[in-house]
Every structure is written in structure tokens, then in C-alpha cells.
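Chemist: sequence and predicted model, in that order:
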Amino acid sequence: MSSTTRRDVLKSLGTAGVIGTSAAVAGCATVNVHVEARATPFHVPATTIPIVGSAQTFPVRRIYCIGRNYAAHAREMGSDPTREPPFFFQKPTDAIQFVPIGKTVDHPYPPLTKNYHYEIELVAALHSGGRDISVADALKHVYGYALGLDMTRRDLQRGMGDQKKPWEIGKSFDKSAPIGPIHRVADVGHFTEGSIQLLVNGVVKQSADLKQMIWSVAEQISKLSEAFELMPGDIIYSGTPENVGPVVRGDVMLGKLSKLPDISVKVV
């Protein structure tokens, strides 16, 4: 079929045809998908995160978060810090709030809460995935890393937990996942150790080493892949150290991680 004929066929299909296409995350292998192209009544923008040193952006498919992944934080949350099976929750992709390097971003204090908490975390971004991934192979799927905040309406989370109801309302709300840019593994390597900190108004509130994580990034990927088919564009918030606490309007949070630039967020 000539290129002219092919264009004519696609044009005749309009937005109702079924078209085979492909999608790829920047710098990684192409993944074949089958897309049914149909007209939609409105446009929903894709969620992407800038990639350091590249004109490309990282498309976010799902946001996974691991709970209580540092022993001291597990204790402060009233949990046994032994290596019980890890548990995960998700945030919607539009929870992302991008924090550029060298700038302080205004972060809105959310509604319904009177106890709004910070949680500083290493974030792993995947360029490939699968099911039942071994720990030995897990890091091969990581495209890069970022520094992020898992912001939490703690009073709502605890209230729903007390009622034995899902506590999504405490975690999965607008702009609850501030995040810096993605740094490629090729540029920064993998993060198995290194200092991670969160300062509020210049005072250190959280401070730990990544090697204190109960479940490593590789183990998290392996465990997640037992329950979900991981895919390119998935990101994983890898847990927060102890001393989570509240912020109010006017507070400035400064996140620090060895080998990565700081992120700065002001609550407004």
C-alpha cells in the first residue's frame, strides 16, 4: 500500500478506526499496544515528569507507594517493624506536583484536614516491567530516580483506619505527590544507601539512610510484580523515615537526598 493510499484509509477511518501503534518511555524499548482511536467529548492531559539532561519527559502510568518501610517509622505509626509482608497503596497520576530544581513551589493546604503531614521519599521510575520479577532482575527495570513527598491528611487517614474503612481520602488527593525531576540511572546509578532528609523552616525533621529501608527498591519491585503487572511509566514511592509531622500554611519543606538536588515546597 502506498503512503498516499495509507493516509487516505486512515483519514476515512477518522476517529472510529482501530489502529495498531506503539508507545515508548524515553530511552527504553518500544512496547507494542493496540489502541482503539475514538473521539472523546473532552481532553484529559497526560501526567509527565521532566527528565534531567533530556528534552523528553517521563509519562506516569501508575503511582505505587509502600507503607511503613523504615522500622522507626513503623513504630511511630503503631506497627511491628519486623519484616512482615510489605503493603502498598496507590495515588492517582494527577496527584503529581512537579517541583523544579532551584525553585520553591507553592503547595496548597488541602481541604478537610487539620493535621497535614510530610513524608519524604526516594522515588523509582520504571521503563519496563512484567509479572513475578525476581529481586536479582528488578533493578534492570528502573529508568531513573527522583525525590518526592507523600503528603498525607493524617487525621482523615487515621479516622478511616479506626473505622476499618479504606483510607484513600487521606493519601490520594490533589497534588499529594510533589516530586522533583527524574534522574536517569545512567547518570546517577542506583540508590541502595545514602542520606535522606526533610527540613521544615530550616529545622531537620526527618533524617535517615536509605539502607535502613526494610524492603529495598529491588524487593519492592519484585513484591509489587506478584500482585500487579508492572508497566513502563510506573513510579514507586519507596517509604519514609521516622518523625513524620504536621505543616501549616507558610511552612517551607526542603527535601534532601544524597546525589540529587534538593526540592523545596511552600505550603500556602
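Modeler: Thanks, I have it.

Chemist: so who does the closest residue to residue 69 other than its chain neighbours touch?
Modeler: The shortest distance from residue 69 to any non-neighbouring residue, by C-beta to C-beta, 6 or more residues apart in numbering, is to residue 239 (2.6 Å). C-beta coordinates here come from the backbone N, C-alpha and C atoms, glycine included. With C-beta atoms under 8 Å, 6 or more residues apart in numbering as the criterion, the residues that contact residue 239 are 65, 66, 67, 68, 69, 70, 73, 121, 213, 214, 215.

Chemist: can we see that at 10 Å?
Modeler: Residues touching residue 239, when contacts are defined by C-beta atoms under 10 Å, 6 or more residues apart in numbering, comprise 65-70, 73-74, 86, 119, 121-122, 150, 208, 210, 212-215, 217, 220.

Chemist: cool, residue 254 as well?
Modeler: For residue 254, the contact set (C-beta under 10 Å, 6+ apart) comprises 104, 120, 197-205, 262-266.

Chemist: what about residue 180, distance to residue 102?
Modeler: Plainly put, residue 180 is 10 Å away from residue 102 if you go by C-beta to C-beta, to the nearest Å.

Chemist: I meant residue 252, not that one.
Modeler: Residue 252 sits 14 Å away from residue 102 when distances are taken as C-beta to C-beta.

Chemist: what does residue 250 give?
Modeler: Plainly put, residue 250 is 21 Å away from residue 102 if you go by C-beta to C-beta.

Chemist: for the stretch 101-250 of the chain, which segments count as helices?
Modeler: With helices called from DSSP state H, counting those that start in this stretch, the stretch 101-250 of the chain shows them at 135-138, 154-162, 168-171, 185-188, 217-227.

Chemist: looking at the ones you listed, which is nearest to residue 55?
Modeler: helix 185-188 (15.1 Å; C-beta to C-beta).

Chemist: just give me the neighbour total for residue 229.
Modeler: Residues near residue 229, counting by other C-beta atoms under 10 Å, number 12.

Chemist: now do the contacts for it.
Modeler: 129, 130, 131, 132, 133.

Chemist: what do you get for residue 114?
Modeler: With contacts taken as C-beta under 10 Å, 6+ apart, residue 114 has the following neighbours: 153, 154, 155, 156, 246, 248.

Chemist: dump the residue contacts of the closest residue to the first one other than its chain neighbours.
Modeler: Leaving aside its sequence neighbours, residue 153 sits nearest to residue 113 (C-beta to C-beta, 6+ apart; 3.8 Å). Residues in contact with residue 113 (C-beta under 10 Å, 6+ apart) are 151, 152, 153, 154, 155, 156, 157, 169, 170, 173, 246.
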